[in-house]
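Engineer: Got a predicted structure plus its sequence, pasted below:
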Amino acid sequence: MGWRGAVRSFAAAARAAERDAQRRHKQALKSQMINESADAVVAWEEYVDKLVSLHTDLVDPINWHQTANRPKPPEPKFQRSHYEIANEALQRFKPSFFHIFQGGSARKRKQLEDALAYAQETDAEEYETAKVDYANAITEWESDTHLASRLLKGEGVAIKEVIDELKSSLAEDLIGKSISFLMSDGFVHAIPEVYTDEIVPKFRRKQLASGKLSQTNMPSAQFNELYQDYVVSVSLKIAGDLFHILPINEIYVTCLTRMLNARTGHQELSPILSVQFVRETMHRLNLARLDPSDSLSNFNHVMEFKKTKGFEPVEPLKPIS
């Protein structure tokens, strides 16, 4: 091959390498686009799912009957375990030829005697620590059993103490902006201010066969139904948590949100859902698999909702002020 042929061959190889590099670059960009599209769809799906499944994540239940009957913690006893081990080592000690290499038998015996004294101090320190732990355990036991007894008697102040502990967790994340409680004989009325429908995304996402991301406007009926499920999920979550931490059989939940008052032109806080939850019925539900809005048929409730318009204000089952 002459020099011209060599140059042409080299140029052709360079062009082929360039085309291959461009093809690999395009493939890499497409793979990145597909992965990013998939991630965007998954993020959207996870958010929507979390929005309507708040009721599936409840606080751990408390057995107040068991707490009220919890036995008193046993008093600590002075233990001589360290002393006994050190004393046994001292009693077994016998002078030996090999102690010469360890500083002599007298030095070895002195080490064992010092270890015995240190063991006695250790036993005494551990006993003092056990007495402090016991005093703390007694204080906690007295507080818990006393609170349990008061709760089982239906004492309102005791119910409020437990609810105050729960408030911080209920007012976090997607539950709502705030929550207040009213208490009466035999039941608690929880009144959360849930987020407006702005918490629901106004779009849908899916990944096309090409791998590209498709984002379209959500139909109003689907949007309104998602918001309905969110509000009901909040009510189920609050009722479920309260049943888990309180020994009561009825819980009322009235959800409020800010809505436009057509007469005044102002946003006003209005009740949109009020439910009377009953422990026995709630216990029978499979919260992980039910449809939030459909589950309301199990309970006495008031709600004015249309797929085309969404919620309308309602009159709560119990007064909220």
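Structural biologist: Okay, I see it. Numbering: from 1, shown residues only.
Engineer: give me the low-pLDDT residue ranges for the protein?
Structural biologist: Scanning the chain for pLDDT under 70 picks out 1-37, 82-84, 86-117, 119, 123, 168-173.
Engineer: Next, the spatially most central residue of it: phi, psi?
Structural biologist: Nearest to the geometric centre of the chain sits Asp57, at 6.6 Å (Cα atoms, centre = their mean). According to degrees, to the nearest 10, the main-chain angles of Asp57 amount to phi -120, psi 90.
Engineer: who are the neighbours in contact with it?
Structural biologist: Lys237 (Cβ atoms under 8 Å, 6 or more residues apart in numbering). C-beta coordinates here come from the backbone N, C-alpha and C atoms, glycine included.
Engineer: one more time with 10 Å, if that's ok
Structural biologist: Applying Cβ atoms under 10 Å, 6 or more residues apart in numbering, we find Asp57 in contact with Lys50, Asp173, Lys237, Gly240, Asp241, Leu287, Ala288.
Engineer: same deal with Val231?
Structural biologist: 52, 176, 192, 194-195, 197, 199, 255, 257, 272-273, 292-293, 303, 305, 310-311.
Engineer: let's see it at 8 Å
Structural biologist: Counting by Cβ under 8 Å, 6+ apart, Val231 has contacts Val194, Cys255, Thr257, Ile272, Leu273, Phe311.
Engineer: for the residues you listed, which one is nearest Ser297?
Structural biologist: Leu273 (13.7 Å; Cβ to Cβ).
Engineer: wait, doesn't the closest one sit right on Glu304?
Structural biologist: No. In this structure, Leu273 is not within contact of Glu304 by Cβ atoms under 8 Å, at 9.2 Å.
Engineer: For the contacts of Val231, please prepare CSV with the additional fields secondary structure, distance to Leu182 and neighbour count.
Structural biologist: As requested, the contacts of Val231 are exported to CSV (DSSP: H, G, I helix; E, B strand; the rest coil; distance: Cβ to Cβ, whole Å; neighbours: other Cβ atoms under 10 Å):
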residue, secondary structure, distance to Leu182, neighbour count
Val194, coil, 17, 24
Cys255, strand, 14, 27
Thr257, strand, 18, 24
Ile272, strand, 18, 23
Leu273, strand, 16, 26
Phe311, strand, 22, 21
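Engineer: Show the end-to-end separation of stretch 151-160, please.
Structural biologist: 10 Å (Cα to Cα, to the nearest Å).
Engineer: in it, what counts as buried?
Structural biologist: Neighbour-count burial for stretch 151-160 flags Leu151, Ala158, Ile159 (criterion: 16 or more other Cβ atoms under 10 Å).
Engineer: Which of those fall in helices?
Structural biologist: Those of those mapping onto helices are Leu151, Ala158, Ile159, per DSSP state H.
Engineer: Ile251: which of these is nearest?
Structural biologist: Nearest member of those to Ile251, counting by Cβ to Cβ, is Ile159, at 11.1 Å.
Engineer: residues touching that closest one, list them.
Structural biologist: Leu151, Met183, Val188, Leu246, Ile248.
Engineer: ok, back up a step: could you pull out the residues contacting both of Leu273 and Glu304?
Structural biologist: Phe311, Val314.
Engineer: on that earlier part again, redo the buried residues of stretch 151-160 as JSON lines? Include distance to Arg263.
Structural biologist: Conversion of these to JSON lines gives the following (distance: Cβ to Cβ, whole Å):
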{"residue": "Leu151", "distance to Arg263": "44"}
{"residue": "Ala158", "distance to Arg263": "43"}
{"residue": "Ile159", "distance to Arg263": "38"}
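Engineer: Got the domain ranges for this structure?
Structural biologist: As given by automatic domain parsing, the domain ranges for the chain are 81-149, 155-312.
Engineer: can you tell me which of the ones you listed comes nearest to Glu46?
Structural biologist: domain 155-312 (11.2 Å).
Engineer: Report how far apart the opening and closing residues of that closest one are.
Structural biologist: 36 Å.
Engineer: Can we start the residue count at 780 from this point?
Structural biologist: Happy to do that; since the first residue is 780 now, the last one works out to domain 934-1091.
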